[in-house]
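Colleague: missing the sequence, but the structure's below:
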């Protein structure tokens, strides 16, 4: 709108707009074909070809995705038992590594008291199946390593120290090392593991055979206690509190024990059979006793602070006599009842790896 001077407002508003004329067609510079929406035969054929190619690309992409999913399914999940799931395989590999690291920790810290193969010594045996079945479970072992030997029998003067750095006082092993040590103690005897260098973790080679050194676990996964068997006691010393074999006082008259290096001993009627234990082994490994006649075993334990005894087993493995368990250095005279002629073995109840042969004739 515009304001024209000299006119009244009613005459000035509104101002008529001049009519607009459409622009001529000649102003468009594009050719007529560009303003056409019709497809030429060539363009239609090109669209068809592109659509066909797109369908093939989509089909191939679908096939590739299906193949990748199938491979992932078999590799990651292992369906139908065809393959082992990846996570399970990785967990098994990490478990093997933990056991092999735990072996080095055991040899460096525990073998002095419990034996190189867990046979026992100053401390109790750890490789017995009746203990590994339930008593030496993961939680119990963790508590013992965290609290020390006082947790086992409530003995505040136990020689076993605290091993976990979370204990009081803190021990030398962190939580990962505690896990590795427990993994070794619970490792199955169905698996073979590699002994590795403690610092480099490279396999150790036997200088004589040139082969990689290996070891097996202790725990038998197929072990089951006999029906009605008594559970292993909470305190390992309770197992030996009530021996079945009687023992004469250590100061009773008896023949002197033969030197510890002796390989065998025989006992004419009326003379005691002499057996010596030293270095967590029977140094007297072959002895003879009279048949159908009670006899005396003079047992000398030369291992200071380590409990031993003599238990006799027949050919079937049944225990026919069990002597008193006592720490060394000390000696006992065991009164053994008459045994029929035959071959027997004698062992230490505390350390089953200690064995010898008894011939009754």
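Modeller: That came through, no problem. This one's a predicted model, so the numbers in the text were calculated from it and none came from an experiment.
Colleague: next one: stretch 351-361 to chain centre, how far?
Modeller: Centroid separation for stretch 351-361 versus its chain: 32 Å, with Cα atoms, centre = their mean, to the nearest Å.
Colleague: That should have said stretch 209-222, apologies.
Modeller: Distance, centroid of stretch 209-222 to centroid of chain: 13 Å (Cα atoms, centre = their mean).
Colleague: swap in stretch 219-229?
Modeller: 19 Å.
Colleague: buried set for that stretch?
Modeller: Residues of stretch 219-229 classed as buried by neighbour count (16 or more other Cβ atoms under 10 Å): residue 219. In short, each C-beta sits where N, CA and C put it, glycine included.
Colleague: What are the contacting residues of it?
Modeller: Residues lying outside stretch 219-229 but in contact with it, judged by Cβ atoms under 8 Å, 6 or more residues apart in numbering, are 129, 130, 132, 133, 186, 187, 188, 189, 190.
Colleague: Put together TSV for those, with distance to residue 345 and pLDDT on each row.
Modeller: As requested, these are arranged in TSV below (distance: Cβ to Cβ, whole Å; pLDDT from 0 to 100):
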residue	distance to residue 345	pLDDT
129	18	91
130	19	88
132	23	92
133	24	90
186	29	95
187	28	96
188	27	95
189	22	94
190	26	94
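Colleague: any chance of these in JSON lines, plus neighbour count?
Modeller: Output for these, formatted as JSON lines (neighbours: other Cβ atoms under 10 Å):
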{"residue": "129", "neighbour count": "14"}
{"residue": "130", "neighbour count": "16"}
{"residue": "132", "neighbour count": "24"}
{"residue": "133", "neighbour count": "17"}
{"residue": "186", "neighbour count": "17"}
{"residue": "187", "neighbour count": "23"}
{"residue": "188", "neighbour count": "14"}
{"residue": "189", "neighbour count": "16"}
{"residue": "190", "neighbour count": "11"}
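Colleague: Would you check which pair of those residues lies furthest apart?
Modeller: Maximum pairwise distance among the contacts of stretch 219-229 (Cβ to Cβ): 18.3 Å, between 130 and 190.
Colleague: in this protein, which spans are helices?
Modeller: With DSSP state H as the definition, the chain shows helices at residue ranges 9-12, 41-72, 86-109, 111-114, 129-130, 138-147, 150-153, 175-185.
Colleague: Residue ranges in the stretch 201-350 of the chain under the pLDDT threshold?
Modeller: The model of the stretch 201-350 of the chain has pLDDT under 70 over residues 239-270.
Colleague: 50 - rerun?
Modeller: Residue ranges of the stretch 201-350 of the chain with pLDDT under 50: 242-269.
Colleague: picking up where we left off before, give me whichever of the helices of the chain is most buried.
Modeller: Highest mean neighbour count of the helices of the chain: helix 175-185, a mean of 20 (counted as mean count of other Cβ atoms under 10 Å).
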